[in-house]
Structures are given as C-alpha cells and as structure tokens.
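Asks: only the shape, not the letters, is given here:
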C-alpha cells in the first residue's frame, strides 16, 4: 500500500509529508522534521506572508515523534547503551496470509537496488515483511506516518492531495514546488513496480 504520510511536531506546525515513504529532503532516514527544515531553508529567500495571510495548518496529529520516543526508551532501557540498540515499529498480523506481501516487498527492494545502480534520481523506501506462518506475520511500520485514509479522516478540510499541499506548503512557493518534485520522484518508481 502506498502511504501518504505526515506528522506534526508536538504543539507545532506540520513538519513534513512523504509518499511511499519519505524521499530524501522530505523525510530523510526516519525523520520528517529534517525534511521540513530543508523545505523551510529552500523557502527562506522568498518573502514571508504576514501572520494574517497564513493559512491554517492541517490537523493531523501524532502523540510523539518517533525519534524522540526512541531516545526516551533508549535512555530508560537497561540495554539502551549497546551500539546495536534500535526501536523498530512493527505491526503483528494474524489471520492474514502475508506471503504475497513479503514477495512484493522483496521485489520492491530489488527494484530499488536496480534503480540505485542505474543512478536514477528517484526514491523508494521498502519495508520488511516476514510471514511467520500461512496466516500470520510481522510488518515493519514506517514511523511518523499516516495513511491517506487517516489523513482524510483527521483533516476535516481535506479535499484533494493538491489542496492539502497548497495549504501546508503555501500556493506558488518554492517549498510547494520542491514537495511536488519529491512526490513525483518517489511515486514514479512505485508505478514501475
């Protein structure tokens, strides 16, 4: 499933969006906050709107940013000091045969390798799926993400992805152009697969 993802900084503005799961600059290596910072720096040269001209931000909220949760749990863990310690979000599935999804995930991983070897300017973020039996398994969850369906449910002003982008990044801004370009670069390889 392709996920449109977004996340909020606690008590702050929406920080980033990602598709099949966050292209670099939009959400590098597990954090959408870094992506938002990059988008903000790209738009730093453009004139800022007055507070009255700013549009309200979408109301999609996460309780805790994944990186902050990982650091909090690492510091509380008796083995958190070990170099290989990592908090991995997973979904445990029961009653579903995940063997086809596992195979599809492996194909996506292979496609990513092929595209990287060809030095194409596209982005993919495969996630692991392990079928533990014919009717159960474990799926790696992508941190700081929500599905497009959840975005529609949580943002009462949501009508289209384009209007969401324009509300978040501002219509006609360099940040909007950058987000659209990154969206295309992440969506294109998934269309090929």
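Replies: Nice, I can see it. Just so it is clear, the structure is predicted and the values come from calculations on it, not from any experiment.
Asks: check contacts around the spatially closest residue to residue 127 that is not a sequence neighbour.
Replies: Leaving aside its chain neighbours, residue 127 sits nearest to residue 140 (4.1 Å; criterion: CB to CB, 6 or more residues apart in numbering). Just so you know, the C-beta spots here come from the backbone N, C-alpha and C atoms, and that holds for glycine as well. By CB atoms under 8 Å, 6 or more residues apart in numbering, residue 140 lies in contact with 88, 89, 90, 91, 127, 128, 129.
Asks: from residue 128, how far off is the third one?
Replies: Taken as CB to CB, to the nearest Å, the spacing of residue 90 relative to residue 128 amounts to 9 Å.
Asks: overlap in contacts of the two?
Replies: Applying CB under 8 Å, 6+ apart, one finds that residue 90 and residue 128 are jointly contacted by 139, 140.
Asks: so where's the chain shaky on pLDDT?
Replies: The chain contains residues with pLDDT under 70 at 1-62.
Asks: could you pull out the strands for it?
Replies: Using DSSP state E, the strands found in the chain span residues 5-8, 14-18, 90-94, 129-133, 136-140.
Asks: just to revisit the earlier point, which of the contacts of residue 140 are buried?
Replies: Among the contacts of residue 140, those classed as buried by 16 or more other CB atoms under 10 Å are 127, 129.
Asks: just put the contacts of residue 140 in CSV and tack on distance to residue 183.
Replies: Listed next are the contacts of residue 140 as CSV, based on distance: CB to CB, whole Å:
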residue, distance to residue 183
88, 26
89, 23
90, 26
91, 24
127, 19
128, 24
129, 24
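Asks: for the contacts of residue 140, which one is nearest residue 152?
Replies: Checking the contacts of residue 140 against residue 152 by CB to CB gives residue 91 as the nearest, at 20.4 Å.
Asks: the nearest residue in space to that closest one that is not next to it in sequence pairs with what?
Replies: The shortest distance from residue 91 to any non-neighbouring residue, by CB to CB, 6+ apart, is to residue 139 (4.4 Å). Beta-bridge pairing of residue 139 under DSSP bridges involves residue 91, residue 129.
Asks: wouldn't residue 166 be in contact with residue 176 here?
Replies: Yes - if you go by CB atoms under 8 Å, residue 166 and residue 176 touch, sitting 6.5 Å apart.
Asks: these two touch, right, residue 111 and residue 122?
Replies: No - under the criterion of CB under 8 Å, residue 111 is not in contact with residue 122, lying 9.9 Å apart.
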